[in-house]
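S.K.: got a predicted structure plus its sequence, pasted below:
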Amino acid sequence: MQLKNLHIQANGKEIVKDVSLEFENGGVYALLGPNASGKSTLVRAVMGVLGYQITHGRILFDGKDITDLPIEERSKLGIALAFQHPPAIKGVKLSKLLEKVSRHTVDHNEVGVDSDLLEREVNVNFSGGEQKLSELMQIFALDPTFAMFDEIDSGLDVERLEKLASLIKAKLLNAKVSTLFITHRGNIFNFLEPDVTHVMINGRIICSSRKWRTVWNVIEESGYEQCKECKGALLSS
């Protein structure tokens, strides 16, 4: 996957500004940044979600320009996104949705999903943890080659987060699926270490480094404001 000089608008406002990134097959990537920095806008545009307009730049996947492809075609190519706040789908049971999207069978017991959850309407009155597990099952069922997770560590306790990270390792990382984790907390990386870490502020990538821990230490000690000052100068790749 390659993102080349992307500019993205939502609701008539430019959110993402001249972003270029490259993701290698099987790599684990982090996209950090404060709230409202453009992280979710970027991955939704990459997924092809309606309402996010690429006004300049290109998205290449396996050498093919997919900038104008609809979300369904991107999904068929192996691109998947776990949403931070997935929509409720009344009238559709989770089990039926999984049957529809599945490229292979997912064992709900292995994922830690209770069978009762499968017979409930998708995300209708789901707890935060149930939503995360539902999204994870859908990702596994899609059998992607490039998976994006938007704030997957939000609202989870340590035990559940560790379980989730273990599942991602077993089902995706061990299968050499490229993964991109969007977060402003970084909790997921207590259990998964990214190969490359990017920091986004005000719609721009201001830092990229292979030294995840160094980047996170700067953020923990001084906040994202220090990233604005540093702009990667202290973080050699």
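M.R.: Here it is on my side, so go on. Numbers count the residues shown, from 1 in each chain.

S.K.: what lies in contact with the worst-scoring helix or strand of the chain on mean pLDDT?
M.R.: Ranked by mean pLDDT, DSSP states H and E, the weakest helix or strand in the chain is helix 108-111, scoring a mean of 70. Applying C-beta atoms under 8 Å, 6 or more residues apart in numbering, the contact partners of helix 108-111 are Asp114, Ser115, Leu117, Leu118, Leu133, Leu136, Met137, Phe140, Leu167. C-beta coordinates here come from the backbone N, C-alpha and C atoms, glycine included.

S.K.: name the nearest of those residues relative to Cys227.
M.R.: Taking C-beta to C-beta as the measure, Cys227 lies nearest Leu136 of the contacts of helix 108-111, at 29.4 Å.

S.K.: and stretch 43-53, which residues are buried?
M.R.: Val43, Arg44, Ala45, Val46, Met47, Gly48, Val49, Tyr52 (16 or more other C-beta atoms under 10 Å).

S.K.: format those residues as CSV; extra columns: secondary structure.
M.R.: Formatted as CSV, the buried residues of stretch 43-53 follow (DSSP: H, G, I helix; E, B strand; the rest coil):
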residue, secondary structure
Val43, helix
Arg44, helix
Ala45, helix
Val46, helix
Met47, helix
Gly48, coil
Val49, coil
Tyr52, strand
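
S.K.: save those as JSON lines, and put in pLDDT and distance to Asp157 too.
M.R.: JSON lines is the format used below for the buried residues of stretch 43-53 (pLDDT from 0 to 100; distance: C-beta to C-beta, whole Å):
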{"residue": "Val43", "pLDDT": "98", "distance to Asp157": "25"}
{"residue": "Arg44", "pLDDT": "97", "distance to Asp157": "27"}
{"residue": "Ala45", "pLDDT": "98", "distance to Asp157": "31"}
{"residue": "Val46", "pLDDT": "98", "distance to Asp157": "29"}
{"residue": "Met47", "pLDDT": "98", "distance to Asp157": "28"}
{"residue": "Gly48", "pLDDT": "97", "distance to Asp157": "33"}
{"residue": "Val49", "pLDDT": "96", "distance to Asp157": "29"}
{"residue": "Tyr52", "pLDDT": "97", "distance to Asp157": "32"}
